[in-house]
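# Sequence and computational prediction follow.
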Amino acid sequence: MTERIKKVVKPTAIVMAIGFIYIILHFSTGFSIPCFFHLLTRLYCPGCGMGRLCFSLLKLDFASAFKYNPVIFCILPVFAVFFAWHIYRYIRFGDSSFRKWENVLLYVIVGVLVVFGVLRNFVDLGMPPPLHF
């Protein structure tokens, strides 16, 4: 079990360190990573606004976070619980396979994101633009 913990903690720590560096860089310089999909197509992807959503969550400004990307805002807690459960099951039992319901949940989330991505480009959803250009 300790070997599985090490397999989980190391990449998690690396991702968290990179995120922490990005947060410091953003708040000290205003630098943020643009959406490359939007740069290439001028369309908003389902994740556009996610950076500002995360920065708003860090400031505990839930209203602004919801405005930047309401779908991700609603899916984030579900995905966090799902991810935590999957990690727990892997560490405790060594089981990294997905159950049928987990696959269905992931497909539903992807489907919702695709529909949202299409709608946000062709229907006025009353959201602020996710990027500053």
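In hand now; what should we look at? What you see is a predicted model; the values in this text were computed from it and never measured.
# Going by C-alpha atoms from here, please, whenever you check contacts or count neighbours.
Fine.
# Now I33: closest residue in space, sequence neighbours ignored.
Computed as CA to CA, 6 or more residues apart in numbering, the closest residue to I33 that is not its neighbour in sequence is G51, at 8.0 Å.
# C35 too?
Closest to C35 by CA to CA, 6+ apart is C48, at 6.4 Å.
# what do you get for F62?
S56 (6.7 Å).
# and if you look at M50?
Closest residue to M50 apart from its sequence neighbours, by CA to CA, 6+ apart: N69 at 6.4 Å.
# Now do the helix or strand of the chain with the lowest mean pLDDT: which elements does it pack against?
Least confident element among the helices and strands of the chain, by mean pLDDT, DSSP states H and E: helix 36-41 (a mean of 87). In this structure, helix 36-41 makes packing contacts with no helix or strand, judged by 3 or more CA pairs under 8 Å, 6 or more residues apart in numbering; DSSP states H and E.
# And for it, what's in contact with it?
Residues outside helix 36-41 that contact it (CA atoms under 8 Å, 6 or more residues apart in numbering): 43-45.
# hmm, try it at 6 Å
Contacts to helix 36-41, defined as CA atoms under 6 Å, 6 or more residues apart in numbering, come from residues Y44.
# For C74, what is the enclosing helix or strand?
Using DSSP states H and E, C74 sits within helix 70-93.
# what comes up buried for that helix?
For helix 70-93, a neighbour-count test (16 or more other CA atoms under 10 Å) marks 70-73, 86-88, 90-91 as buried.
# Kindly reformat those as a markdown table and extend each row with pLDDT and distance to F79.
Formatted as a markdown table, the buried residues of helix 70-93 follow (pLDDT from 0 to 100; distance: CA to CA, whole Å):
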| residue | pLDDT | distance to F79 |
| --- | --- | --- |
| P70 | 92 | 14 |
| V71 | 93 | 12 |
| I72 | 94 | 10 |
| F73 | 95 | 10 |
| H86 | 91 | 10 |
| I87 | 92 | 12 |
| Y88 | 92 | 14 |
| Y90 | 92 | 16 |
| I91 | 91 | 18 |
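# Lovely, talk soon.
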